[in-house]
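In: Fold the following.
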Amino acid sequence: MNLDLLLPYTTSGAMLIGILFSLIYAIYMKKKENMSWLVFFLTFSAGGISAAFGVSILSIFDILK
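Out: Numbers count the residues shown, from 1 in each chain. Below is the predicted model of the structure:
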């Protein structure tokens, strides 16, 4: 198994980090604000989409490999 794909300066590693932060924030919002599951999934989805946009922009500028 090639673990080089999980390094933070690769696109897949950066995307994984973004999704993990999105999941942590969605769980925090669910527990702290006592929100519904719909808001949890919307927050998680928005975070995942934002991470994808960020990774694509960074890869366009050749910051990520």
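In: Only C-alpha atoms from now on, for both contacts and neighbour counts.
Out: Will do.
In: got the contact list for Tyr9?
Out: Tyr9 makes contacts with 63-65, as judged by C-alpha atoms under 8 Å, 6 or more residues apart in numbering.
In: In three-state terms, label it for me.
Out: At Tyr9 the chain is in coil, as set by DSSP: H, G, I helix; E, B strand; the rest coil.
In: What distance do you get for it to Val39?
Out: Between Tyr9 and Val39 the computed distance is 31 Å (C-alpha to C-alpha, to the nearest Å).
In: ditto for Thr10
Out: Using C-alpha to C-alpha, Thr10 is found at 30 Å from Val39.
In: Compare these two (neighbour count), which wins?
Out: Neighbours per residue, other C-alpha atoms under 10 Å: of Thr10 and Val39, the larger number sits with Thr10, 17 against 14.
In: so who does that one touch?
Out: Taking C-alpha under 8 Å, 6+ apart, we find Thr10 in contact with 64-65.
In: And for stretch 12-23, what's in contact with it?
Out: Taking contacts as C-alpha under 8 Å, 6+ apart, the residues outside stretch 12-23 that touch it are 5-8, 43-44, 47-48, 51-52, 55.
In: quick one: low-confidence parts of this protein?
Out: For the chain, applying pLDDT under 70 flags the ranges 1.
In: Quick one: the strands in it, in order.
Out: Shown for the chain, no strands are assigned by DSSP state E.
In: just the helices in it please.
Out: In the chain, helices defined by DSSP state H lie at 11-33, 37-60, listed in chain order.
In: angle of the shortest one against helix 37-60?
Out: Spelled out, that is helix 11-33. Inter-element angle recorded for helix 11-33 and helix 37-60: 150 degrees (by axes from the mean of the first three to the mean of the last three C-alpha atoms, to 10 degrees).
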